[in-house]
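*Asks:* pasting the sequence and the predicted model now:
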2 protein chains.
Amino acid sequence: MAGKPELARLSLNQMTVKQWNVREAVAGCVQAGIPSIGLWRDKVAETGLGESARLVREAGLHVSDLCRGGWFPAASETERQARIDDNRRAIEEAAELGADCLVLVCGPASNKDITTARGMVASGLERVLPYAADLGVKLAIEPLHPMFAADRSVITTLSEANRLVRQFASPYLGVIIDVYHVWWDPDVYTSIEEARGHIFGFHVNDWIVPTPDMLNGRGMMGDGVIEIRRLRQAVDAAGYHGPIEVEIFNQAFWDMPGADVLDLMCRRFVEHV
Amino acid sequence: MAGKPELARLSLNQMTVKQWNVREAVAGCVQAGIPSIGLWRDKVAETGLGESARLVREAGLHVSDLCRGGWFPAASETERQARIDDNRRAIEEAAELGADCLVLVCGPASNKDITTARGMVASGLERVLPYAADLGVKLAIEPLHPMFAADRSVITTLSEANRLVRQFASPYLGVIIDVYHVWWDPDVYTSIEEARGHIFGFHVNDWIVPTPDMLNGRGMMGDGVIEIRRLRQAVDAAGYHGPIEVEIFNQAFWDMPGADVLDLMCRRFVEHV
(Lines give C-alpha, C1' and ligand atoms only; values in the text may rest on other atoms or scores of the structure.)
Protein backbone atom coordinates (compact mmCIF):
# COMPACT_ATOMS: atom_id res chain seq x y z
CA MET A 1 0.00 0.00 0.00
CA ALA A 2 1.13 3.50 -0.82
CA GLY A 3 -0.26 4.88 2.41
CA LYS A 4 -0.91 8.38 3.64
CA PRO A 5 1.61 9.38 6.29
CA GLU A 6 -1.04 11.00 8.48
CA LEU A 7 -2.95 7.72 8.58
CA ALA A 8 0.10 5.54 9.22
CA ARG A 9 -1.07 4.51 12.71
CA LEU A 10 -4.80 4.34 11.95
CA SER A 11 -6.62 1.05 12.34
CA LEU A 12 -10.28 0.35 11.66
CA ASN A 13 -11.98 -1.77 14.29
CA GLN A 14 -14.46 -3.50 12.08
CA MET A 15 -17.30 -3.05 14.57
CA THR A 16 -17.25 0.64 13.62
CA VAL A 17 -18.72 -0.53 10.31
CA LYS A 18 -20.71 -3.50 11.56
CA GLN A 19 -22.78 -3.31 8.38
CA TRP A 20 -19.77 -4.72 6.51
CA ASN A 21 -18.39 -8.23 6.46
CA VAL A 22 -14.64 -8.93 6.56
CA ARG A 23 -14.29 -8.75 2.77
CA GLU A 24 -16.05 -5.38 2.60
CA ALA A 25 -14.12 -3.99 5.57
CA VAL A 26 -10.80 -5.05 4.04
CA ALA A 27 -11.73 -3.48 0.72
CA GLY A 28 -12.88 -0.33 2.51
CA CYS A 29 -9.54 0.00 4.30
CA VAL A 30 -7.60 -0.42 1.07
CA GLN A 31 -9.79 2.14 -0.66
CA ALA A 32 -9.41 4.67 2.19
CA GLY A 33 -5.68 4.12 2.69
CA ILE A 34 -6.11 2.68 6.19
CA PRO A 35 -3.18 0.35 6.85
CA SER A 36 -4.55 -1.74 9.78
CA ILE A 37 -7.71 -3.48 10.85
CA GLY A 38 -9.07 -4.89 14.12
CA LEU A 39 -11.23 -7.96 13.54
CA TRP A 40 -14.09 -9.57 15.46
CA ARG A 41 -14.45 -13.30 15.84
CA ASP A 42 -18.10 -13.47 14.80
CA LYS A 43 -17.33 -11.59 11.60
CA VAL A 44 -14.29 -13.76 10.94
CA ALA A 45 -16.36 -16.92 11.49
CA GLU A 46 -18.99 -15.66 9.06
CA THR A 47 -16.43 -15.17 6.28
CA GLY A 48 -14.31 -18.14 7.37
CA LEU A 49 -11.05 -18.02 9.29
CA GLY A 50 -8.79 -19.09 6.41
CA GLU A 51 -10.52 -16.80 3.95
CA SER A 52 -10.35 -13.86 6.37
CA ALA A 53 -6.64 -14.46 6.92
CA ARG A 54 -6.10 -14.61 3.16
CA LEU A 55 -8.09 -11.42 2.56
CA VAL A 56 -6.13 -9.29 5.04
CA ARG A 57 -2.80 -10.78 3.95
CA GLU A 58 -3.40 -10.21 0.25
CA ALA A 59 -4.60 -6.69 0.92
CA GLY A 60 -1.39 -6.01 2.82
CA LEU A 61 -3.32 -5.04 5.92
CA HIS A 62 -1.84 -5.26 9.38
CA VAL A 63 -4.18 -6.88 11.96
CA SER A 64 -4.02 -4.75 15.10
CA ASP A 65 -6.08 -7.14 17.21
CA LEU A 66 -8.77 -9.77 17.37
CA CYS A 67 -11.84 -9.15 19.56
CA ARG A 68 -12.31 -10.97 21.82
CA GLY A 69 -11.46 -13.54 24.42
CA GLY A 70 -11.93 -13.34 28.16
CA TRP A 71 -15.30 -13.68 29.94
CA PHE A 72 -13.68 -15.85 32.61
CA PRO A 73 -16.06 -15.83 35.62
CA ALA A 74 -18.85 -18.40 35.59
CA ALA A 75 -21.00 -20.20 38.14
CA SER A 76 -19.53 -23.69 37.73
CA GLU A 77 -16.16 -25.27 36.97
CA THR A 78 -17.71 -26.83 33.84
CA GLU A 79 -18.72 -23.42 32.57
CA ARG A 80 -15.36 -21.92 33.47
CA GLN A 81 -13.62 -24.71 31.55
CA ALA A 82 -15.83 -24.01 28.54
CA ARG A 83 -14.65 -20.38 28.67
CA ILE A 84 -11.04 -21.54 28.81
CA ASP A 85 -11.62 -23.77 25.78
CA ASP A 86 -13.14 -20.86 23.93
CA ASN A 87 -10.17 -18.67 24.80
CA ARG A 88 -7.84 -21.32 23.41
CA ARG A 89 -9.77 -21.26 20.13
CA ALA A 90 -9.58 -17.46 20.10
CA ILE A 91 -5.81 -17.67 20.60
CA GLU A 92 -5.54 -20.05 17.64
CA GLU A 93 -7.60 -17.68 15.51
CA ALA A 94 -5.46 -14.70 16.51
CA ALA A 95 -2.35 -16.68 15.56
CA GLU A 96 -3.74 -17.61 12.15
CA LEU A 97 -4.80 -14.02 11.46
CA GLY A 98 -1.41 -12.69 12.54
CA ALA A 99 -3.10 -10.30 14.97
CA ASP A 100 -0.90 -8.14 17.23
CA CYS A 101 -2.94 -9.37 20.18
CA LEU A 102 -6.16 -10.95 21.38
CA VAL A 103 -8.34 -8.48 23.27
CA LEU A 104 -9.68 -9.80 26.58
CA VAL A 105 -12.98 -8.50 27.89
CA CYS A 106 -12.85 -10.21 31.23
CA GLY A 107 -16.56 -10.78 31.87
CA PRO A 108 -19.05 -10.04 34.68
CA ALA A 109 -19.65 -11.90 37.92
CA SER A 110 -22.23 -14.66 37.78
CA ASN A 111 -23.65 -13.52 41.12
CA LYS A 112 -23.18 -10.56 43.47
CA ASP A 113 -19.67 -11.56 44.47
CA ILE A 114 -17.48 -9.30 42.34
CA THR A 115 -14.39 -10.04 44.44
CA THR A 116 -14.56 -13.77 43.70
CA ALA A 117 -15.22 -13.00 40.05
CA ARG A 118 -12.01 -10.96 39.95
CA GLY A 119 -10.20 -13.98 41.32
CA MET A 120 -11.69 -16.09 38.51
CA VAL A 121 -10.26 -13.63 35.99
CA ALA A 122 -6.79 -14.16 37.46
CA SER A 123 -7.28 -17.96 37.45
CA GLY A 124 -8.47 -17.84 33.86
CA LEU A 125 -5.45 -15.84 32.78
CA GLU A 126 -3.22 -18.34 34.51
CA ARG A 127 -4.82 -21.15 32.53
CA VAL A 128 -4.71 -19.55 29.07
CA LEU A 129 -1.44 -17.63 29.21
CA PRO A 130 0.87 -20.62 28.61
CA TYR A 131 -1.06 -21.55 25.45
CA ALA A 132 -0.89 -17.96 24.20
CA ALA A 133 2.87 -17.97 24.79
CA ASP A 134 3.21 -21.29 22.94
CA LEU A 135 1.45 -19.82 19.92
CA GLY A 136 3.19 -16.44 20.21
CA VAL A 137 -0.09 -14.59 20.75
CA LYS A 138 -0.20 -11.61 23.07
CA LEU A 139 -3.22 -11.25 25.37
CA ALA A 140 -4.43 -7.72 26.04
CA ILE A 141 -6.70 -7.04 29.02
CA GLU A 142 -9.10 -4.23 28.17
CA PRO A 143 -10.42 -2.57 31.32
CA LEU A 144 -13.99 -1.48 30.59
CA HIS A 145 -15.81 1.56 31.88
CA PRO A 146 -17.26 0.91 35.36
CA MET A 147 -20.78 1.16 33.95
CA PHE A 148 -20.11 -2.27 32.41
CA ALA A 149 -19.00 -3.86 35.69
CA ALA A 150 -22.25 -5.81 36.09
CA ASP A 151 -22.61 -7.17 32.58
CA ARG A 152 -19.27 -7.16 30.73
CA SER A 153 -16.14 -6.77 32.82
CA VAL A 154 -15.26 -6.84 36.48
CA ILE A 155 -11.94 -5.27 35.47
CA THR A 156 -12.85 -1.60 35.42
CA THR A 157 -9.69 0.48 35.71
CA LEU A 158 -6.34 0.57 33.98
CA SER A 159 -4.72 0.44 37.40
CA GLU A 160 -6.39 -2.91 38.14
CA ALA A 161 -5.43 -4.27 34.70
CA ASN A 162 -1.85 -3.19 35.34
CA ARG A 163 -1.86 -5.05 38.65
CA LEU A 164 -2.94 -8.25 36.87
CA VAL A 165 -0.22 -7.79 34.27
CA ARG A 166 2.43 -7.30 36.94
CA GLN A 167 1.16 -10.37 38.78
CA PHE A 168 1.97 -12.61 35.80
CA ALA A 169 5.01 -10.74 34.53
CA SER A 170 4.75 -12.38 31.10
CA PRO A 171 5.70 -10.69 27.81
CA TYR A 172 2.46 -12.18 26.48
CA LEU A 173 0.17 -10.30 28.86
CA GLY A 174 -0.56 -6.58 28.59
CA VAL A 175 -3.36 -4.05 28.26
CA ILE A 176 -5.49 -2.30 25.67
CA ILE A 177 -6.25 1.30 26.55
CA ASP A 178 -9.55 2.58 25.16
CA VAL A 179 -10.21 6.28 25.79
CA TYR A 180 -13.94 5.62 26.26
CA HIS A 181 -13.27 3.35 29.20
CA VAL A 182 -10.56 5.33 31.00
CA TRP A 183 -10.99 9.06 30.28
CA TRP A 184 -12.88 9.79 33.53
CA ASP A 185 -10.24 8.23 35.79
CA PRO A 186 -8.43 10.73 38.07
CA ASP A 187 -5.41 8.40 37.97
CA VAL A 188 -5.43 7.71 34.24
CA TYR A 189 -2.15 9.47 33.41
CA THR A 190 -0.34 7.74 36.27
CA SER A 191 -1.80 4.41 35.17
CA ILE A 192 -0.75 4.97 31.55
CA GLU A 193 2.80 5.60 32.70
CA GLU A 194 2.63 2.47 34.86
CA ALA A 195 1.55 0.51 31.78
CA ARG A 196 4.85 1.32 30.06
CA GLY A 197 6.17 -1.77 28.31
CA HIS A 198 2.89 -3.65 28.32
CA ILE A 199 0.60 -1.42 26.25
CA PHE A 200 -0.53 -3.69 23.42
CA GLY A 201 -3.09 -1.39 21.84
CA PHE A 202 -4.84 1.97 21.94
CA HIS A 203 -8.48 2.55 20.97
CA VAL A 204 -10.14 5.89 20.26
CA ASN A 205 -13.70 7.20 19.94
CA ASP A 206 -15.54 9.80 22.04
CA TRP A 207 -17.98 10.26 24.92
CA ILE A 208 -21.06 12.15 23.73
CA VAL A 209 -23.11 14.29 26.15
CA PRO A 210 -25.75 13.21 26.81
CA THR A 211 -24.84 9.60 26.11
CA PRO A 212 -27.57 8.25 23.84
CA ASP A 213 -27.05 4.60 24.86
CA MET A 214 -24.78 2.90 27.38
CA LEU A 215 -23.52 0.25 24.98
CA ASN A 216 -24.08 1.69 21.53
CA GLY A 217 -23.78 5.39 22.19
CA ARG A 218 -20.13 6.02 21.46
CA GLY A 219 -19.19 9.04 19.44
CA MET A 220 -16.81 9.85 16.60
CA MET A 221 -13.63 11.57 17.74
CA GLY A 222 -14.34 15.27 18.16
CA ASP A 223 -18.04 14.85 18.93
CA GLY A 224 -17.60 14.45 22.67
CA VAL A 225 -15.69 15.51 25.74
CA ILE A 226 -12.66 13.20 25.82
CA GLU A 227 -9.23 14.81 25.64
CA ILE A 228 -8.17 12.29 23.01
CA ARG A 229 -4.97 13.97 21.89
CA ARG A 230 -3.70 14.40 25.44
CA LEU A 231 -4.37 10.72 26.13
CA ARG A 232 -2.70 9.70 22.86
CA GLN A 233 0.34 11.77 23.71
CA ALA A 234 0.50 10.15 27.15
CA VAL A 235 0.29 6.68 25.60
CA ASP A 236 3.02 7.66 23.12
CA ALA A 237 5.15 9.01 25.95
CA ALA A 238 4.73 5.66 27.72
CA GLY A 239 6.41 4.03 24.75
CA TYR A 240 3.50 2.78 22.65
CA HIS A 241 3.97 3.47 18.95
CA GLY A 242 1.65 0.86 17.41
CA PRO A 243 -1.72 1.10 15.66
CA ILE A 244 -4.46 3.37 16.97
CA GLU A 245 -7.78 1.70 16.46
CA VAL A 246 -11.09 3.48 16.00
CA GLU A 247 -13.77 1.44 17.73
CA ILE A 248 -17.24 2.96 17.76
CA PHE A 249 -20.47 1.17 18.61
CA ASN A 250 -23.22 3.43 17.35
CA GLN A 251 -26.32 2.64 15.33
CA ALA A 252 -26.07 5.96 13.50
CA PHE A 253 -22.80 4.87 11.89
CA TRP A 254 -24.14 1.39 11.16
CA ASP A 255 -26.97 3.02 9.22
CA MET A 256 -24.55 5.02 7.03
CA PRO A 257 -22.73 3.77 3.93
CA GLY A 258 -19.51 2.26 5.28
CA ALA A 259 -17.30 4.31 2.96
CA ASP A 260 -18.78 7.52 4.36
CA VAL A 261 -18.03 6.36 7.91
CA LEU A 262 -14.41 5.67 6.91
CA ASP A 263 -14.09 9.03 5.21
CA LEU A 264 -15.33 10.87 8.31
CA MET A 265 -13.20 8.67 10.56
CA CYS A 266 -10.01 9.44 8.62
CA ARG A 267 -10.63 13.19 8.79
CA ARG A 268 -11.44 13.11 12.50
CA PHE A 269 -8.42 10.93 13.20
CA VAL A 270 -6.13 13.57 11.71
CA GLU A 271 -7.93 16.43 13.47
CA HIS A 272 -8.43 14.96 16.94
CA VAL A 273 -6.05 12.06 17.55
CA MET B 1 -41.78 8.56 67.73
CA ALA B 2 -42.09 5.02 69.05
CA GLY B 3 -39.82 3.67 66.33
CA LYS B 4 -39.10 0.17 65.16
CA PRO B 5 -35.62 -0.94 66.22
CA GLU B 6 -34.87 -2.54 62.83
CA LEU B 7 -35.56 0.79 61.13
CA ALA B 8 -33.57 2.89 63.60
CA ARG B 9 -30.95 3.87 61.01
CA LEU B 10 -33.28 4.15 58.01
CA SER B 11 -33.66 7.48 56.27
CA LEU B 12 -35.88 8.27 53.31
CA ASN B 13 -34.25 10.38 50.65
CA GLN B 14 -37.29 12.21 49.45
CA MET B 15 -36.34 11.80 45.78
CA THR B 16 -37.25 8.12 46.19
CA VAL B 17 -40.85 9.38 46.38
CA LYS B 18 -40.55 12.37 44.08
CA GLN B 19 -44.32 12.28 43.64
CA TRP B 20 -44.62 13.64 47.20
CA ASN B 21 -43.95 17.13 48.52
CA VAL B 22 -42.18 17.73 51.85
CA ARG B 23 -45.40 17.60 53.83
CA GLU B 24 -46.43 14.28 52.29
CA ALA B 25 -42.95 12.79 52.67
CA VAL B 26 -42.80 13.79 56.32
CA ALA B 27 -46.24 12.31 56.97
CA GLY B 28 -45.23 9.15 55.09
CA CYS B 29 -42.13 8.72 57.26
CA VAL B 30 -44.14 9.14 60.45
CA GLN B 31 -46.74 6.66 59.23
CA ALA B 32 -44.09 4.08 58.27
CA GLY B 33 -41.95 4.52 61.38
CA ILE B 34 -38.99 5.92 59.44
CA PRO B 35 -37.03 8.19 61.79
CA SER B 36 -34.97 10.24 59.29
CA ILE B 37 -35.38 12.05 56.01
CA GLY B 38 -33.03 13.44 53.37
CA LEU B 39 -34.41 16.58 51.76
CA TRP B 40 -33.94 18.21 48.35
CA ARG B 41 -33.68 21.95 47.92
CA ASP B 42 -36.24 22.21 45.12
CA LYS B 43 -38.81 20.38 47.21
CA VAL B 44 -37.98 22.48 50.25
CA ALA B 45 -38.33 25.67 48.19
CA GLU B 46 -41.71 24.52 46.91
CA THR B 47 -43.06 24.03 50.45
CA GLY B 48 -41.07 26.91 51.88
CA LEU B 49 -37.90 26.69 53.95
CA GLY B 50 -39.45 27.75 57.27
CA GLU B 51 -42.47 25.56 56.80
CA SER B 52 -40.31 22.56 55.82
CA ALA B 53 -38.14 23.06 58.91
CA ARG B 54 -41.25 23.27 61.07
CA LEU B 55 -42.76 20.12 59.52
CA VAL B 56 -39.73 17.92 60.14
CA ARG B 57 -39.18 19.35 63.62
CA GLU B 58 -42.76 18.85 64.72
CA ALA B 59 -42.78 15.33 63.30
CA GLY B 60 -39.66 14.55 65.32
CA LEU B 61 -37.77 13.57 62.17
CA HIS B 62 -34.01 13.71 61.95
CA VAL B 63 -32.71 15.35 58.73
CA SER B 64 -29.89 13.17 57.45
CA ASP B 65 -28.87 15.56 54.69
CA LEU B 66 -29.86 18.27 52.26
CA CYS B 67 -29.29 17.69 48.51
CA ARG B 68 -27.46 19.48 47.12
CA GLY B 69 -24.66 21.97 46.75
CA GLY B 70 -21.53 21.70 44.66
CA TRP B 71 -21.46 22.12 40.87
CA PHE B 72 -18.29 24.21 41.14
CA PRO B 73 -16.65 24.21 37.68
CA ALA B 74 -17.86 26.84 35.23
CA ALA B 75 -16.49 28.65 32.20
CA SER B 76 -16.12 32.12 33.75
CA GLU B 77 -15.26 33.61 37.11
CA THR B 78 -18.70 35.26 37.14
CA GLU B 79 -20.38 31.89 36.77
CA ARG B 80 -18.12 30.29 39.35
CA GLN B 81 -18.98 33.08 41.80
CA ALA B 82 -22.68 32.47 41.15
CA ARG B 83 -22.14 28.84 42.09
CA ILE B 84 -20.36 29.90 45.29
CA ASP B 85 -23.27 32.18 46.15
CA ASP B 86 -25.68 29.34 45.58
CA ASN B 87 -23.63 27.06 47.83
CA ARG B 88 -23.76 29.68 50.57
CA ARG B 89 -27.56 29.73 50.30
CA ALA B 90 -27.59 25.92 50.44
CA ILE B 91 -25.46 26.03 53.59
CA GLU B 92 -27.92 28.45 55.18
CA GLU B 93 -30.81 26.17 54.25
CA ALA B 94 -29.03 23.12 55.69
CA ALA B 95 -28.44 25.04 58.91
CA GLU B 96 -32.08 26.06 59.21
CA LEU B 97 -33.25 22.50 58.51
CA GLY B 98 -30.82 21.07 61.04
CA ALA B 99 -29.45 18.68 58.41
CA ASP B 100 -26.51 16.45 59.33
CA CYS B 101 -24.75 17.67 56.20
CA LEU B 102 -25.08 19.32 52.83
CA VAL B 103 -24.42 16.86 49.98
CA LEU B 104 -22.03 18.17 47.34
CA VAL B 105 -22.37 16.92 43.77
CA CYS B 106 -19.28 18.57 42.41
CA GLY B 107 -20.35 19.22 38.82
CA PRO B 108 -18.97 18.49 35.34
CA ALA B 109 -16.30 20.33 33.38
CA SER B 110 -17.51 23.17 31.18
CA ASN B 111 -15.18 22.00 28.40
CA LYS B 112 -12.94 18.99 27.72
CA ASP B 113 -10.46 19.89 30.44
CA ILE B 114 -11.44 17.61 33.31
CA THR B 115 -8.17 18.24 35.14
CA THR B 116 -8.80 21.98 35.38
CA ALA B 117 -12.40 21.29 36.40
CA ARG B 118 -11.10 19.16 39.28
CA GLY B 119 -8.99 22.12 40.34
CA MET B 120 -12.11 24.31 40.28
CA VAL B 121 -13.78 21.87 42.66
CA ALA B 122 -10.92 22.28 45.12
CA SER B 123 -11.05 26.09 44.73
CA GLY B 124 -14.79 26.05 45.24
CA LEU B 125 -14.45 24.00 48.43
CA GLU B 126 -11.84 26.42 49.69
CA ARG B 127 -14.26 29.30 49.17
CA VAL B 128 -17.34 27.74 50.80
CA LEU B 129 -15.81 25.77 53.63
CA PRO B 130 -15.24 28.70 56.02
CA TYR B 131 -18.89 29.72 55.71
CA ALA B 132 -20.02 26.14 56.37
CA ALA B 133 -17.82 26.06 59.47
CA ASP B 134 -19.24 29.41 60.65
CA LEU B 135 -22.76 28.02 60.41
CA GLY B 136 -21.82 24.59 61.77
CA VAL B 137 -22.85 22.80 58.58
CA LYS B 138 -20.88 19.79 57.40
CA LEU B 139 -20.19 19.48 53.67
CA ALA B 140 -20.22 15.95 52.23
CA ILE B 141 -18.59 15.29 48.86
CA GLU B 142 -20.49 12.56 47.06
CA PRO B 143 -18.31 10.89 44.44
CA LEU B 144 -20.58 9.90 41.56
CA HIS B 145 -20.32 6.88 39.29
CA PRO B 146 -17.83 7.51 36.45
CA MET B 147 -20.67 7.38 33.94
CA PHE B 148 -21.68 10.80 35.28
CA ALA B 149 -18.20 12.31 34.83
CA ALA B 150 -19.25 14.33 31.78
CA ASP B 151 -22.51 15.77 33.04
CA ARG B 152 -22.67 15.69 36.85
CA SER B 153 -19.41 15.19 38.71
CA VAL B 154 -15.74 15.19 37.87
CA ILE B 155 -15.20 13.56 41.26
CA THR B 156 -15.75 9.91 40.41
CA THR B 157 -14.13 7.75 43.08
CA LEU B 158 -14.19 7.61 46.85
CA SER B 159 -10.41 7.64 46.77
CA GLU B 160 -10.41 11.00 45.00
CA ALA B 161 -13.02 12.40 47.40
CA ASN B 162 -10.87 11.22 50.32
CA ARG B 163 -7.87 13.04 48.86
CA LEU B 164 -9.87 16.28 48.72
CA VAL B 165 -10.99 15.81 52.31
CA ARG B 166 -7.42 15.21 53.49
CA GLN B 167 -6.27 18.28 51.57
CA PHE B 168 -8.53 20.55 53.64
CA ALA B 169 -8.36 18.62 56.92
CA SER B 170 -11.49 20.33 58.25
CA PRO B 171 -14.04 18.68 60.55
CA TYR B 172 -16.64 20.26 58.27
CA LEU B 173 -15.58 18.39 55.12
CA GLY B 174 -16.24 14.70 54.54
CA VAL B 175 -17.86 12.23 52.15
CA ILE B 176 -21.17 10.59 51.36
CA ILE B 177 -20.80 6.99 50.24
CA ASP B 178 -23.56 5.81 47.89
CA VAL B 179 -23.38 2.13 46.97
CA TYR B 180 -24.60 2.86 43.43
CA HIS B 181 -21.62 5.07 42.74
CA VAL B 182 -18.85 3.00 44.33
CA TRP B 183 -19.77 -0.70 44.22
CA TRP B 184 -17.72 -1.46 41.07
CA ASP B 185 -14.48 0.02 42.44
CA PRO B 186 -11.71 -2.57 43.01
CA ASP B 187 -10.39 -0.31 45.79
CA VAL B 188 -13.72 0.44 47.44
CA TYR B 189 -13.04 -1.38 50.72
CA THR B 190 -9.65 0.25 51.09
CA SER B 191 -11.19 3.63 50.31
CA ILE B 192 -13.97 3.11 52.87
CA GLU B 193 -11.38 2.37 55.53
CA GLU B 194 -9.44 5.47 54.45
CA ALA B 195 -12.62 7.51 54.88
CA ARG B 196 -12.72 6.64 58.58
CA GLY B 197 -13.60 9.72 60.61
CA HIS B 198 -15.01 11.69 57.70
CA ILE B 199 -17.95 9.56 56.56
CA PHE B 200 -20.92 11.90 56.83
CA GLY B 201 -23.54 9.67 55.23
CA PHE B 202 -24.31 6.36 53.55
CA HIS B 203 -26.82 5.88 50.73
CA VAL B 204 -28.28 2.59 49.51
CA ASN B 205 -30.20 1.37 46.44
CA ASP B 206 -29.20 -1.22 43.82
CA TRP B 207 -27.72 -1.67 40.34
CA ILE B 208 -30.19 -3.46 38.08
CA VAL B 209 -29.00 -5.58 35.15
CA PRO B 210 -29.57 -4.45 32.50
CA THR B 211 -29.69 -0.85 33.68
CA PRO B 212 -32.93 0.61 32.29
CA ASP B 213 -31.68 4.22 32.33
CA MET B 214 -28.38 5.83 33.27
CA LEU B 215 -29.89 8.49 35.51
CA ASN B 216 -33.27 7.12 36.52
CA GLY B 217 -32.64 3.39 36.45
CA ARG B 218 -31.67 2.67 40.03
CA GLY B 219 -33.14 -0.33 41.72
CA MET B 220 -34.62 -1.16 45.11
CA MET B 221 -32.23 -2.96 47.43
CA GLY B 222 -32.27 -6.65 46.54
CA ASP B 223 -33.23 -6.15 42.90
CA GLY B 224 -29.68 -5.83 41.63
CA VAL B 225 -26.09 -6.97 41.96
CA ILE B 226 -24.62 -4.74 44.65
CA GLU B 227 -23.29 -6.44 47.80
CA ILE B 228 -25.10 -3.88 49.94
CA ARG B 229 -24.72 -5.63 53.29
CA ARG B 230 -21.00 -6.14 52.83
CA LEU B 231 -20.58 -2.46 51.97
CA ARG B 232 -22.74 -1.43 54.93
CA GLN B 233 -20.67 -3.59 57.25
CA ALA B 234 -17.48 -2.03 55.87
CA VAL B 235 -18.87 1.46 56.44
CA ASP B 236 -19.90 0.46 59.98
CA ALA B 237 -16.44 -0.98 60.58
CA ALA B 238 -14.96 2.33 59.47
CA GLY B 239 -16.83 3.98 62.33
CA TYR B 240 -19.98 5.33 60.69
CA HIS B 241 -23.09 4.70 62.74
CA GLY B 242 -25.43 7.37 61.39
CA PRO B 243 -28.50 7.26 59.17
CA ILE B 244 -28.61 5.02 56.09
CA GLU B 245 -30.51 6.78 53.38
CA VAL B 246 -32.44 5.09 50.61
CA GLU B 247 -32.04 7.16 47.46
CA ILE B 248 -33.62 5.72 44.32
CA PHE B 249 -34.25 7.58 41.08
CA ASN B 250 -36.66 5.41 39.14
CA GLN B 251 -39.83 6.32 37.29
CA ALA B 252 -41.44 3.01 38.27
CA PHE B 253 -41.40 4.05 41.94
CA TRP B 254 -42.55 7.57 41.12
CA ASP B 255 -45.60 6.03 39.44
CA MET B 256 -46.52 4.01 42.54
CA PRO B 257 -48.46 5.27 45.59
CA GLY B 258 -45.78 6.68 47.88
CA ALA B 259 -46.91 4.61 50.87
CA ASP B 260 -46.39 1.42 48.84
CA VAL B 261 -42.86 2.50 47.97
CA LEU B 262 -42.12 3.12 51.65
CA ASP B 263 -43.58 -0.22 52.65
CA LEU B 264 -41.41 -2.07 50.13
CA MET B 265 -38.39 0.04 51.06
CA CYS B 266 -38.72 -0.78 54.76
CA ARG B 267 -38.93 -4.51 54.08
CA ARG B 268 -35.98 -4.48 51.69
CA PHE B 269 -33.95 -2.38 54.11
CA VAL B 270 -34.32 -5.04 56.78
CA GLU B 271 -33.61 -7.88 54.36
CA HIS B 272 -30.70 -6.46 52.38
CA VAL B 273 -29.02 -3.62 54.28
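*Replies:* Received it, and whenever you're ready, just let me know what you need.
*Asks:* check the offset of stretch A:88-98 from the chain's centre.
*Replies:* For stretch A:88-98, the distance from its own C-alpha centre to the chain's C-alpha centre is 15 Å (CA atoms, centre = their mean, to the nearest Å).
*Asks:* buried set for it?
*Replies:* Buried residues in stretch A:88-98, counted by 16 or more other CB atoms under 10 Å in any protein chain shown: A:88, A:90, A:91, A:93, A:94, A:95, A:96, A:97. (Glycine included, C-beta is placed from N, CA and C.)
*Asks:* can you add secondary structure, distance to residue A:172 and pLDDT and give those residues back as TSV?
*Replies:* Shown next, in TSV, are the buried residues of stretch A:88-98 (DSSP: H, G, I helix; E, B strand; the rest coil; distance: CB to CB, whole Å; pLDDT from 0 to 100):
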residue	secondary structure	distance to residue A:172	pLDDT
A:88	helix	14	98
A:90	helix	14	98
A:91	helix	10	98
A:93	helix	16	98
A:94	helix	11	98
A:95	helix	12	98
A:96	helix	17	98
A:97	helix	16	98
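*Asks:* make TSV from those and add distance to residue B:267 to it.
*Replies:* As requested, these are arranged in TSV below (distance: CB to CB, whole Å):
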residue	distance to residue B:267
A:88	47
A:90	45
A:91	49
A:93	50
A:94	50
A:95	55
A:96	56
A:97	54
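*Asks:* of those residues, which is the nearest to residue A:59?
*Replies:* residue A:97 (12.6 Å; CB to CB).
*Asks:* residue A:50 is in contact with that closest one, correct?
*Replies:* No. In this structure residue A:97 lies outside contact range of residue A:50 using CB atoms under 8 Å: 10.0 Å.
*Asks:* buried sites along stretch A:24-33?
*Replies:* In stretch A:24-33, counting by 16+ other CB under 10 Å, buried: A:24, A:25, A:26, A:27, A:28, A:29, A:30, A:32, A:33.
*Asks:* which stretches of the stretch 101-250 of chain A have low pLDDT?
*Replies:* In the predicted model, the stretch 101-250 of chain A carries no residue with pLDDT under 70.
*Asks:* which bits of it sit near chain B?
*Replies:* A:109, A:111-114, A:118, A:145-147, A:149-151, A:156-157, A:159-160, A:183-186, A:207, A:209-211, A:214, A:224-227 (CB under 8 Å from any CB of the partner chain).
*Asks:* point to the residue nearest the middle of chain A.
*Replies:* By CA atoms, centre = their mean, chain A has its centre lying nearest to residue A:103, at 5.2 Å.
*Asks:* that one: what's it in contact with?
*Replies:* Contacts for residue A:103 (CB atoms under 8 Å, 6 or more residues apart in numbering or on different chains) come out as A:38, A:65, A:66, A:67, A:68, A:69, A:70, A:140, A:142, A:176, A:201.
*Asks:* which of the three states applies to it?
*Replies:* Here residue A:103 is recorded as strand under DSSP: H, G, I helix; E, B strand; the rest coil.
*Asks:* how close does it sit to chain B?
*Replies:* Taking CB to the nearest CB, to the nearest Å as the measure, residue A:103 falls 20 Å from chain B.
*Asks:* got it, and residue A:53?
*Replies:* Taking CB to the nearest CB, one finds residue A:53 at 35 Å from chain B.
*Asks:* quick one: residues in contact with the helix or strand that residue falls within.
*Replies:* For residue A:53, the host element (DSSP states H and E) is helix A:49-59. For helix A:49-59, the surrounding residues in contact (CB under 8 Å, 6+ apart) are A:22-23, A:26-27, A:29-30, A:37, A:39, A:43-44, A:47, A:63, A:93, A:96-98.
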